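Peer 1: Below are the sequence and a predicted model; questions follow.
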Amino acid sequence: MFLSVCVLCLLALSPALGAPAKGPCARPRNKLLFISFDGFRWDYDRDVDTPNLDRMAEDGVKAAYVTPPYLTVTSPTHFTLLTGRYIENHGVIHNMWFNVSTQEKKQYYQTQFVDDYWDNGSLPIWITAQRQGLKAGSLHFPGTAATYQEEVVQVRQVEPFLYDHNNETDWRLNVDRVMGDWFGRQDLDLVTLYFGEPDGTGHKYGPETPERRAAVRQVDRTVGYIRHAARSHGLADRLNVIITADHGMTTVRRGAGVNEIVLADIPGFSFRDVKFHLVDYGPSGMLLPRDGLLEKVYRALKGGHPNLHVYKKEDMPARLHFSKHPRILPIILWADPGYVINGFLPLQFNKGEHGFDNELMEMKPFFRAAGPDFLRGLLVGGFETVNIYPLMCHLLGITPEINDGSLDVTRHMLVHSDSVCETTAGESLGWRVMVGLSAVAGFLVLTFVVMTTWSKCRRDRESSSLDQPTEDQEKQTSL
Ligand SMILES: [Zn+2]
């Protein structure tokens, strides 16, 4: 009887002790490296030899392009990658933090350290992963410096002030750290890794230049280095790599014959009617008119320049998903391709810009993915970058937060495309709970069986020796 109960006990324990082997959610969880090369436009591999990016496409998935959210600038679009939410829903609405009461503005770098700018309701994937038992890290990725609901990404390297974004030697040191130390020694499950090129070069020289092509070659060499490093650290078979970017880049029109947009020159418009403004920052702008002057400011600017688009916040095209958030100011401006919005004087000298309408092909980034969970040699059409977040959550086996994307958009890229199921999402925590409960139940059953058997044996012995006192009983009676 004891033996049979123990067999039952072991059978009960076996699913918890063994690795998951059957069922649609039973695939092993691989690590994930998510990389952004800032400003890498979807077609940058067309006029430059990119053997490493080409090889990655052969080994995995290449999308024709991906569509970033509007506003197509760095911090907002990166936070969409990390949360799967449109910008009006996650609230990181601009690269610059600002306060309309004090008129204070912080530039891109300082804004990285304003916790409550980033931490306003949407959790980046690192925190979600950590809460579900995984280990996450981030190197230089926008949003890394901030604290979210009193948590930070556990392993992080925050970009230093005035960091040299195109130093290839430094790029390799960062890759070595991620592969050797973070994925290797510290056994992280998820790392996000950011490179500031080819954005910087695209701004400085323009996207259609030899300098930009050289920056793309540097990116390509780095992709080769990353994949080589994965192999040399024994990670290749258990590491998925996704590479994309935050936005693209287009050439700014300059010179005689270009009708620059200068708001102060528009008849009927005056900055005296505006309480706060965010302009002189590429092709987009936002205005807060003084009380009672919204209609006046709007009417003055609307139609004030042939290449300037002017919208009241509530009238923004729904497809842009850039109107709901309270931080978005009442009047939104954006320029046609090639134009930037100046306040008083044309003092913007970048030769390349982004921040334009996300329908513009020049604003769309690239996308590559390869690793054990991705099909090989698959070319797919364009899709919105909000959908990358649910893909990453699925790869990691974690339950996503509320988001604006869908796994259905990328499911066909996966080897286990039919193995998607909700229970996979809870695998990390749920599996541990199941193992724990099974172990406790097994222990209790075992204890019960041992105690019952021992008591029974004792009773049998006692009943069979009633007429023949044992040595123990003799000793007891002698007391
Ligand atoms: Zn950027």
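Peer 2: Ah, there it is. Numbering: from 1, shown residues only.
Peer 1: for the record, mean pLDDT for stretch 382-399?
Peer 2: The pLDDT scores in stretch 382-399 average 98.
Peer 1: likewise stretch 135-151?
Peer 2: For stretch 135-151, the per-residue pLDDT averages 98.
Peer 1: Using PDB, write out the CA atom coordinates for it.
Peer 2: C-alpha atoms of stretch 135-151 as PDB (Å, rounded to 0.1, in the frame of the first residue of the first chain):
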ATOM      1  CA  LYS A 135      16.200  39.800 -15.100                       C
ATOM      2  CA  ALA A 136      16.500  42.900 -17.400                       C
ATOM      3  CA  GLY A 137      19.100  45.400 -18.300                       C
ATOM      4  CA  SER A 138      19.400  48.500 -20.500                       C
ATOM      5  CA  LEU A 139      22.400  50.300 -22.000                       C
ATOM      6  CA  HIS A 140      21.900  53.900 -23.100                       C
ATOM      7  CA  PHE A 141      18.300  53.200 -24.200                       C
ATOM      8  CA  PRO A 142      16.100  56.300 -23.800                       C
ATOM      9  CA  GLY A 143      14.100  56.000 -20.600                       C
ATOM     10  CA  THR A 144      16.800  54.000 -18.800                       C
ATOM     11  CA  ALA A 145      17.600  56.600 -16.200                       C
ATOM     12  CA  ALA A 146      14.100  57.000 -14.900                       C
ATOM     13  CA  THR A 147      12.400  55.300 -12.000                       C
ATOM     14  CA  TYR A 148       9.000  53.700 -12.700                       C
ATOM     15  CA  GLN A 149       6.600  53.100  -9.800                       C
ATOM     16  CA  GLU A 150       9.700  53.100  -7.500                       C
ATOM     17  CA  GLU A 151      11.500  50.600  -9.600                       C
END
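Peer 1: low pLDDT regions in the protein?
Peer 2: Within the chain, the stretches with pLDDT under 70 are 1-27, 418-479.
Peer 1: what does the domain assignment say about it?
Peer 2: According to automatic domain parsing, the chain comprises the domains 25-252+358-421, 261-349.
Peer 1: Please name the residues that touch the residue in the stretch 301-450 of the chain that the ion sits nearest to.
Peer 2: Nearest residue of the stretch 301-450 of the chain to the ion: H354, at 6.7 Å (Cβ to the ion). (C-beta placed from N, C-alpha, C; glycine too.) Applying Cβ atoms under 8 Å, 6 or more residues apart in numbering to H354 gives the contacts 39, 72-73, 199, 247-250, 282, 363.
Peer 1: State the number of residues packed around the residue of the stretch 1-150 of the chain found nearest the ion.
Peer 2: Relative to the ion, the nearest point of the stretch 1-150 of the chain is T74 (3.2 Å; Cβ to the ion). If you count neighbours by other Cβ atoms under 10 Å, T74 ends up with 23.
Peer 1: In this structure it contacts D246, no?
Peer 2: Yes - at 5.3 Å, T74 counts as touching D246 under the criterion of Cβ atoms under 8 Å.
Peer 1: Next, show the common contact partners of these two.
Peer 2: With Cβ under 8 Å, 6+ apart as the test, T74 and D246 both reach 38, 142.
Peer 1: measure R185 to G137 for me?
Peer 2: 12 Å (Cβ to Cβ, to the nearest Å).
Peer 1: do the same with V178
Peer 2: Distance of V178 to G137, computed by Cβ to Cβ: 7 Å.
Peer 1: go on, R156?
Peer 2: In terms of Cβ to Cβ, R156 sits 6 Å off from G137.
Peer 1: Of these two, give the one with the bigger neighbour count.
Peer 2: G137 (25 against 18).
Peer 1: hang on, the earlier thing: so which of the domains of the chain is the most packed in?
Peer 2: Mean neighbour count (mean count of other Cβ atoms under 10 Å) peaks for domain 25-252+358-421 among the domains of the chain, with a mean of 20.
Peer 1: how long is stretch 381-396 end to end?
Peer 2: 24 Å (Cα to Cα, to the nearest Å).
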